[in-house]
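> just to be clear, the model below is a prediction. Sequence and coordinates:
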Amino acid sequence: MEILGATLRICVDDLEASVPFYERLAGGRALRFERGGVSVAAVGFFLLMSGPEAELDVLRKVAATIAVKDVDEAHRVLSESGARILAGPVATPAGRNLIVMHPDGAVFEYADRRATQ
């Protein structure tokens, strides 16, 4: 499994107020989308999320998003290594992802940018 990088997940009260700071910090524009009632802005290595508290409580349990070349390969390697697949793989606005609990209890999202068929 090839890991390409990681994204820090940050829950914010006011997405519109937070985005300009992170755009300046990261030196680029935010990619925005909605998912499950949560507004999301991806800016560099930051993933800003704002929405209903019940949704954010679930999202806070995921420590980070790990970018991989291929979610299917990550699924296989993680499963064979003793991780528990909690959700996915599923299509996202940018590719596909899965949510995984490592044997130590840490929860991560693994995501690729492969187009879904």
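In hand now; what should we look at?

> how about D70: what's its closest non-neighbour residue?
In this structure, D70 finds its nearest non-sequential neighbour in D112, 5.7 Å apart by CB to CB, 6 or more residues apart in numbering. Where you see a C-beta, it was placed from the backbone N, CA and C, and this is true even at glycine.

> residues touching the helix or strand hosting A17, excluding its own?
Using DSSP states H and E, A17 falls within helix 15-26. Helix 15-26 has contacts (CB atoms under 8 Å, 6 or more residues apart in numbering) with 10, 12, 29-30, 39, 41, 43-46, 48-50.

> 7 Å - rerun?
12, 29-30, 39, 41, 43-46, 48, 50 (CB atoms under 7 Å, 6 or more residues apart in numbering).

> and the next helix or strand past it?
In N-to-C order, the element after helix 15-26 by DSSP H and E is strand 31-35.

> tell me the mean pLDDT over that following strand?
Average pLDDT, strand 31-35: 88.

> repeat that for stretch 54-69.
Stretch 54-69 comes out at a mean pLDDT of 91.

> stretch 110-117 now?
For stretch 110-117, the mean confidence score works out to 74.

> mind listing what's buried along the helix holding A17?
Within helix 15-26, the residues that count as buried by 16 or more other CB atoms under 10 Å are 15, 18-19, 22-23.

> now rank the contacts of helix 15-26 by neighbours and give me the top one.
Neighbour count (other CB atoms under 10 Å) singles out V43 as the most crowded of those, with 24 neighbours.

> thank you kindly, that will do.
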